[in-house]
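Chemist: sharing a model prediction with you, sequence too.
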There are 2 protein chains.
Amino acid sequence: MARLEPLSTTTPCQNCALRALPIFRCLSGAELAFVEKFKIGELEVQAGSDILLAGTHSAHLFTIFGGWCFRYDLMEDGRRQIHSLLLPGDFIGLQTEMLGTMQHSVQSLTDVRLCVFSRERFWTIYESFPELAFDLTWAAACGERTVEVALSNVGQRPSFERLAALVVHLYRQLDGLRLVKDGTILWPLTQQHVADLLGLSTVHVSRVLRRLVDSGLVRLDGRRLTVVDLPALAEVAAVDPEKPLRRPLI
Amino acid sequence: MARLEPLSTTTPCQNCALRALPIFRCLSGAELAFVEKFKIGELEVQAGSDILLAGTHSAHLFTIFGGWCFRYDLMEDGRRQIHSLLLPGDFIGLQTEMLGTMQHSVQSLTDVRLCVFSRERFWTIYESFPELAFDLTWAAACGERTVEVALSNVGQRPSFERLAALVVHLYRQLDGLRLVKDGTILWPLTQQHVADLLGLSTVHVSRVLRRLVDSGLVRLDGRRLTVVDLPALAEVAAVDPEKPLRRPLI
DNA sequence: CGTTGGGTTGACTCCACTCAAAAGATGTGG
DNA sequence: CCACATCTTTTGAGTGGAGTCAACCCAACG
């Protein structure tokens, strides 16, 4: 399932294309230099690989450089809840450091390229780089907020709104990452993924997704989704404007 | 609504009754001394007070010393999702520091006593007390996990299981805080609160709660709830053992 | 007392689930 | 390149869980 292939060709953090995006906070020269040393290398994983497993203690920490992942819980009887999608710039594995073992699992949704960080040097962040330590707390707070939004979505909205809200949320995130081209985003999610994200059955997702497409608000061909009318979509989703937050990138 | 009354009588952190509990990590002498200085005073708030409001920037940070609170989101049309209950030892207001403003609100469920901390000195934690900074990230990670569990609960379980899981989770938390007496815990939640926690209607909560009591697994008189058979309740709730995590107390 | 907020109960509706079958897709190996 | 298996999506029919609406009870409280 998991195929982790270390790469020889790595990008220096200074030239990181992600870092240039305005949604990310700038790091000082010293911080950048440290991150550079903190980084072990890069990793390429295939779609559908388990990157971290609940109950285990990961040997590494990661930042997504490219591709999509998702965090999820699995219950004994097989029910799965996806907590959130993880996109480029998202940090993976904090729980390992804090809580001893991962409580949830992380899986890749597309082929993914990860930056890999050393766990041994993790503590030195707190000793020597308070700004970076602050950023780690920041990242955790962002992650928490993401799950809160998902909870409100699943708990309060009917299925049509719920799906619309997912699309709007995703679209906005990808827009900040400059991954929207002409209103079109990548849509690597199977209906099973959507069902487990939203707490619906796959059959119902199929119907609601069709209804959404038939409404003309979005178009869907294969693995690409086009948002035809974002304001209208946000309207039916009943989501607030939600100003994009500048966040740290480690 | 909110009545914040500063108190003259404050307990020194060394003698804090909470700190003696085994679920909390021990602080070093130096750390304790700093927390003591970091602390401004104590605050008593009545049940039903808004402690923090979404969209605002709080002047203070808090730790719950006694009583219950809850975090929640409010949608424009009035729908409310409660993300989690906050119990003694829980930290309130991290989001203010990280994300600029609170994204969710916090309200007291019972009369509550809070330890109040200075926001100005917040940054010195990261500069001077890496262990405490680490603990803040830890607290954020714990908070995230709590919401994840709630999301899995709401997204995957039918109402009866969902309610049972809430009771089990709460019981275990309170047990760690030594707030269980003969299998009995405080139950300050109205059915409206439970509905907004679980994503159900109040009418349905009434019915499911009755079904739970009729099943003999729990008893409920007034504002007290007794768990008659915890293993059986955990069984119907389909929750995993979930070993209690030792966590920091600030 | 009357008022108010919380809880209960019944009747009815409907959203979303289950079960089932079949039609595309996608991929694999012979 | 075809045959076959597997995964994904679609569609229909029937069911049931949870919502809505409404009336009513009860306790707390001014």
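Modeler: That came through fine. Note that the coordinates shown come from a computational prediction; the quantities given were computed from them, not determined experimentally.
Chemist: stretch A:21-39 and chain B, any residue contact?
Modeler: No - judged by Cβ under 8 Å from any Cβ of the partner chain, stretch A:21-39 and chain B are separated, with a smallest distance of 11.4 Å. For the C-beta atoms, the positions are set from N, CA and C on the backbone; glycine is no exception.
Chemist: can you tell me the element A:Y171 falls in?
Modeler: Using DSSP states H and E, the element containing A:Y171 is helix A:159-176.
Chemist: what's the offset of the helix or strand that that helix is followed by from the middle of its chain?
Modeler: As assigned by DSSP H and E, the chain's next helix or strand after helix A:159-176 is strand A:184-186. Taking Cα atoms, centre = their mean, to the nearest Å, the mean C-alpha location of strand A:184-186 is offset from the chain mean by 15 Å.
Chemist: what are the contacting residues of strand A:184-186?
Modeler: Here strand A:184-186 makes contact (Cβ atoms under 8 Å, 6 or more residues apart in numbering or on different chains) with A:W68, A:T110, A:L170, A:Y171, A:L174, A:L179, A:R223, A:R224, A:L225, A:T226, A:V227.
Chemist: find the pair from these with maximum spatial separation.
Modeler: Among the contacts of strand A:184-186, the pair separated by the greatest distance (Cβ to Cβ) is A:T110 and A:V227, at 19.4 Å.
Chemist: looking at the two, which is more packed in?
Modeler: Comparing A:T110 with A:V227 by neighbour count (other Cβ atoms under 10 Å in any protein chain shown), the higher total belongs to A:V227, at 20 against 16.
Chemist: pLDDT at the residue lying closest to A:T146 once chain neighbours are set aside, what is it?
Modeler: Distances taken as Cβ to Cβ, 6 or more residues apart in numbering or on different chains place A:S84 nearest to A:T146, at 4.8 Å, with adjacent residues excluded. pLDDT, A:S84: 98.
Chemist: phi, psi for A:S84 please.
Modeler: Main-chain dihedrals, A:S84, degrees, to the nearest 10: phi -170, psi 160.
Chemist: next one: it from DNA strand C, what distance?
Modeler: From A:S84 across to DNA strand C, the span is 19 Å (Cβ to the nearest atom of the strand, to the nearest Å).
Chemist: report the beta-bridge partners for that residue.
Modeler: A:R71 (DSSP bridges).
Chemist: how near is it to B:C13?
Modeler: 36 Å (Cβ to Cβ, to the nearest Å).
Chemist: at the geometric centre of chain A, which residue sits there?
Modeler: A:L86 (1.1 Å; Cα atoms, centre = their mean).
Chemist: and for the residue nearest to it when sequence neighbours are not counted, the neighbour number?
Modeler: In space, and not counting its chain neighbours, A:L86 is closest to A:C69: 4.1 Å by Cβ to Cβ, 6+ apart. The local packing of A:C69 (other Cβ under 10 Å) involves 25 other residues.
Chemist: report the contact partners of A:C69.
Modeler: Contacts of A:C69 (Cβ under 8 Å, 6+ apart): A:I51, A:L85, A:L86, A:D90, A:I92, A:V106, A:Q107, A:S108, A:L109, A:V112.
Chemist: next one: it, what pLDDT does it get?
Modeler: Per the predicted model, pLDDT is 98 at A:C69.
Chemist: what separation is there between it and DNA strand C?
Modeler: 19 Å.
Chemist: please, which helix or strand holds the closest residue to DNA strand C within chain A?
Modeler: Residue of chain A nearest DNA strand C, by Cβ to the nearest atom of the strand: A:H204 (3.0 Å). A:H204 belongs to helix A:202-214 when assigned by DSSP H and E.
Chemist: ok, A:E144 next?
Modeler: Using DSSP H and E, A:E144 falls in helix A:130-156.
Chemist: A:L225 too?
Modeler: strand A:224-227.
Chemist: count the neighbours of A:V203 for me.
Modeler: By other Cβ under 10 Å, the residues close to A:V203 number 10.
Chemist: repeat that for A:E36.
Modeler: A:E36 is flanked by 13 other residues according to other Cβ under 10 Å.
Chemist: for A:R210, same thing?
Modeler: A:R210 has 11 neighbours, counted by other Cβ under 10 Å.
Chemist: got the domain ranges for chain A?
Modeler: Using automatic domain parsing, the domain parsing of chain A gives A:5-152, A:154-237.
Chemist: which residues does A:Q81 contact?
Modeler: A:Y72, A:D73, A:M75, A:D196, A:G199, B:L151, B:S152, B:G155, B:Q156.
Chemist: same deal with A:R178?
Modeler: With Cβ under 8 Å, 6+ apart, A:R178 has these contacts: A:L21.
Chemist: quick check: which ranges of chain A have low pLDDT?
Modeler: A:1-9 (pLDDT under 70).
Chemist: change it to 50
Modeler: A:1-5 (pLDDT under 50).
Chemist: contact residues of it facing DNA strand D?
Modeler: Counting by Cβ under 7 Å from any atom of the strand, the positions of chain A adjacent to DNA strand D are A:T190, A:Q191, A:Q192, A:T202, A:V203, A:S206, A:R207, A:L209, A:R210.
Chemist: by neighbour count, which of these wins?
Modeler: That'd be A:L209 among the residues of chain A next to DNA strand D, by other Cβ under 10 Å, with 19 neighbours.
Chemist: my read: that residue touches A:L163, true?
Modeler: Yes - counting by Cβ atoms under 8 Å, A:L163 is a contact partner of A:L209 at 6.7 Å.
Chemist: quick check: A:L61 touching A:G93?
Modeler: Yes - with contacts counted by Cβ under 8 Å, A:L61 reaches A:G93, the gap being 4.1 Å.
Chemist: which one's more surrounded, these two?
Modeler: Comparing A:L61 with A:G93 by other Cβ under 10 Å, the one with more neighbours is A:L61, at 25 against 22.
Chemist: which SS state does that one fall under?
Modeler: strand (DSSP: H, G, I helix; E, B strand; the rest coil).
Chemist: what residues are up against it?
Modeler: A:F91, A:I92, A:G93, A:L94, A:T96, A:E97, A:V116, A:F117, A:S118, A:R119, A:F122.
Chemist: what about the last one, how many neighbours?
Modeler: A count of neighbours around A:F122, defined by other Cβ under 10 Å, yields 17.
Chemist: and it, what does it touch?
Modeler: Going by Cβ under 8 Å, 6+ apart, A:F122 touches A:L61, A:E97.
Chemist: dihedrals phi and psi, it?
Modeler: Torsion angles, degrees, to the nearest 10, at A:F122: phi -60, psi -50.
Chemist: over to the one 4 residues further on?
Modeler: Recorded main-chain torsions at A:Y126 are phi -70, psi -30, according to degrees, to the nearest 10.
Chemist: what residues does chain A have near DNA strand C?
Modeler: A:P158, A:S159, A:F160, A:G199, A:L200, A:S201, A:V203, A:H204, A:V208, A:G222.
Chemist: which ones among these also lie next to chain B?
Modeler: A:G199.
Chemist: how about stretch A:136-152 as PDB, C-alpha atoms only?
Modeler: The C-alpha trace of stretch A:136-152 is given here as PDB (Å, rounded to 0.1, in the frame of the first residue of the first chain):
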ATOM      1  CA  LEU A 136       3.700  25.100  15.600                       C
ATOM      2  CA  THR A 137       1.000  26.100  18.100                       C
ATOM      3  CA  TRP A 138      -0.500  28.200  15.400                       C
ATOM      4  CA  ALA A 139      -0.600  25.200  13.100                       C
ATOM      5  CA  ALA A 140      -2.300  23.200  15.700                       C
ATOM      6  CA  ALA A 141      -4.900  25.900  16.300                       C
ATOM      7  CA  CYS A 142      -5.500  26.200  12.600                       C
ATOM      8  CA  GLY A 143      -6.000  22.400  12.400                       C
ATOM      9  CA  GLU A 144      -8.500  22.600  15.300                       C
ATOM     10  CA  ARG A 145     -10.500  25.300  13.600                       C
ATOM     11  CA  THR A 146     -10.700  23.300  10.400                       C
ATOM     12  CA  VAL A 147     -12.200  20.300  12.300                       C
ATOM     13  CA  GLU A 148     -14.600  22.700  14.100                       C
ATOM     14  CA  VAL A 149     -15.900  24.000  10.800                       C
ATOM     15  CA  ALA A 150     -16.400  20.400   9.600                       C
ATOM     16  CA  LEU A 151     -18.300  19.500  12.700                       C
ATOM     17  CA  SER A 152     -20.600  22.500  12.400                       C
END
